[in-house]
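In: Quick one: sequence and predicted model below, then my questions.
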Amino acid sequence: MLVAAAVCPCPPVLVPEVAAGAAPELDAARAACTDALGVLAAARPDLLVVVGPAEQPGRGVYPQGSPGTFRGFGVEVDVRLGGVPAGGPGAAGGRELPPSLAVGAWLLERTGWADAPVDGLGVGEPLEAERCVQAGHEIAGRAARVGMLVMGDGSACRTLKAPGYLDERAAPFDAEAARALGAADIEALKALDADLAYRLKAAGRAPWQVLAGAAEDADLAGALLYDDAPYGVCYLVATWS
């Protein structure tokens, strides 16, 4: 059963070495992520599942120890999902994490996560809501106490200089996502429009709906810790516990 979740944004610029001189601009987001992971650790899960958006061929399951890197962004920063278990899966190589899960792995390393085994799931942006919810059900049934670190961004269309340019539908979409995540509103998350999310480049839609499925029988309360749109992209941090 799901006992807690942390929802965090997944841009590689969250990693200070990637952001370089712009790193201080996301200090508040990083601090909120740290607080969210603290709530997750306090729940003492038996298993932590990191869920984030992934394009082909990055979709699928990633065992603990799977490697990730930010070298493609010009910095020599490498990560491992949940550390490297001695002789365990991923201890010597393995499929490389998609960027969203690499950011999740970086957050876990940054906060010194050592509370429970960790694995990851990369979900495709086109995945239908029903399948996202079913994936969540499966995650919740994997252990008596399951925690989730849910990586994903809101729209990328909040300003003229945003990656997706300005779209007047972006702010209302993000406001509803923020409200739903802050209120742990499962039905509202399940109802997010997948086609609109795709048009607004909101990569968090599918992971958020996986969370909704995992939480259906959990009776968790939500709290919104961060809601801002630097660079015209909506970044949200929330906790469910």
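Out: Noted; the coordinates are in hand. Here the structure is a predicted model, which is why all the values come from computation and not from measurement.
In: Report the buried residues of stretch 68-87.
Out: Neighbour counts over stretch 68-87 (16 or more other C-beta atoms under 10 Å) mark 68, 70, 75, 77, 79-84 as buried. Where you see a C-beta, it was placed from the backbone N, CA and C, and this is true even at glycine.
In: Please narrow these to those residing in strands.
Out: Members of those lying in strands (criterion: DSSP state E): 68, 79-80.
In: sorry, back to before: from the buried residues of stretch 68-87, which has minimum pLDDT?
Out: Lowest pLDDT of the buried residues of stretch 68-87: residue 84, 65.
In: Distance from the helix or strand harbouring residue 213 to the middle of the chain?
Out: Using DSSP states H and E, the element containing residue 213 is helix 205-214. Computed by C-alpha atoms, centre = their mean, to the nearest Å, the chain-centroid distance of helix 205-214 equals 10 Å.
In: Same question for stretch 15-30.
Out: Here the centre of stretch 15-30 is set off from its chain's centre by 18 Å, with C-alpha atoms, centre = their mean.
In: average pLDDT for it?
Out: 92.
In: Can you list the buried residues in that stretch?
Out: Neighbour count says stretch 15-30 has 15-16, 18-19, 26, 29-30 buried, by 16+ other C-beta under 10 Å.
In: of those, closest to residue 199?
Out: Nearest to residue 199, judged by C-beta to C-beta, of the buried residues of stretch 15-30 is residue 29 at 24.5 Å.
In: Doesn't the closest one belong to a helix?
Out: Yes: membership of residue 29 in a helix is supported by DSSP: H, G, I helix; E, B strand; the rest coil.
In: tell me what the helix holding residue 213 is packed against?
Out: strand 2-8, strand 47-53, strand 118-123, helix 129-140, strand 146-151, helix 170-183, helix 186-190, helix 194-199 (3 or more C-beta pairs under 8 Å, 6 or more residues apart in numbering; DSSP states H and E).
In: Quick one: work out the angle between the fifth one and helix 205-214.
Out: Counting by axes from the mean of the first three to the mean of the last three C-alpha atoms, to 10 degrees, strand 146-151 points 160 degrees away from the direction of helix 205-214.
In: what's strand 146-151 packed up against?
Out: On a contact count with 3+ C-beta pairs under 8 Å, 6+ apart, strand 146-151 meets strand 2-8, helix 27-42, strand 47-53, helix 99-110, helix 129-140, helix 205-214.
In: Put together a markdown table for these, with distance to residue 181 on each row.
Out: Shown next, in a markdown table, are those (distance: least, C-beta to C-beta, whole Å):
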| stretch | distance to residue 181 |
| --- | --- |
| strand 2-8 | 6 |
| helix 27-42 | 11 |
| strand 47-53 | 14 |
| helix 99-110 | 16 |
| helix 129-140 | 14 |
| helix 205-214 | 7 |
